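[1] got a structure for you, letters missing:
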């Protein structure tokens, strides 16, 4: 498994719309992706998330990049969201 960790923030007035869009569009796209294993979203403040995106492999992460760019561009344009990768790498431990 390969993971990317993102820091995401947005203007407070777009919180409800951003969450609704994530639930109705992003979640379905991730579930339908053959390259994604899943997402975890961690609230790091009222207008900030840490997003852990898990992929089948580094190659899977690269293959998913065009889809991710398309999904993100809509959120940046419509909700004023900013996003940056703050870390990535192979998963060395996973406990369920």
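    That came through fine. As the structure is a prediction and not an experimental result, all values here were calculated from the model.

[2] just so I have it, where are all the strands in the chain?
    2-9, 36-45, 48-55, 82-90 (DSSP state E).

[3] Save the ones you listed as CSV, and put in distance to residue 76 too.
    Where C-beta positions appear, they are placed from N, C-alpha and C, glycine not excepted. Output for those, formatted as CSV (distance: least, CB to CB, whole Å):
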stretch, distance to residue 76
strand 2-9, 10
strand 36-45, 17
strand 48-55, 14
strand 82-90, 7
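
[4] got a markdown table for those strands, with mean pLDDT and mean neighbour count too?
    Below are those laid out as a markdown table (pLDDT from 0 to 100; neighbours: other CB atoms under 10 Å):
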| stretch | mean pLDDT | mean neighbour count |
| --- | --- | --- |
| strand 2-9 | 96 | 18 |
| strand 36-45 | 93 | 13 |
| strand 48-55 | 95 | 18 |
| strand 82-90 | 96 | 12 |
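
[5] Now the terminal residues of stretch 29-49, how far apart.
    19 Å (CA to CA, to the nearest Å).

[6] mind listing what residue 89 touches?
    Contacts here follow CB atoms under 8 Å, 6 or more residues apart in numbering; on that basis residue 89 touches 2-3.

[7] if we go to 10 Å?
    With contacts defined as CB atoms under 10 Å, 6 or more residues apart in numbering, residue 89 is in contact with 2-5, 58.

[8] For residue 46, which residues are in contact?
    Here residue 46 is in contact with 9, 12, 15 (CB under 10 Å, 6+ apart).
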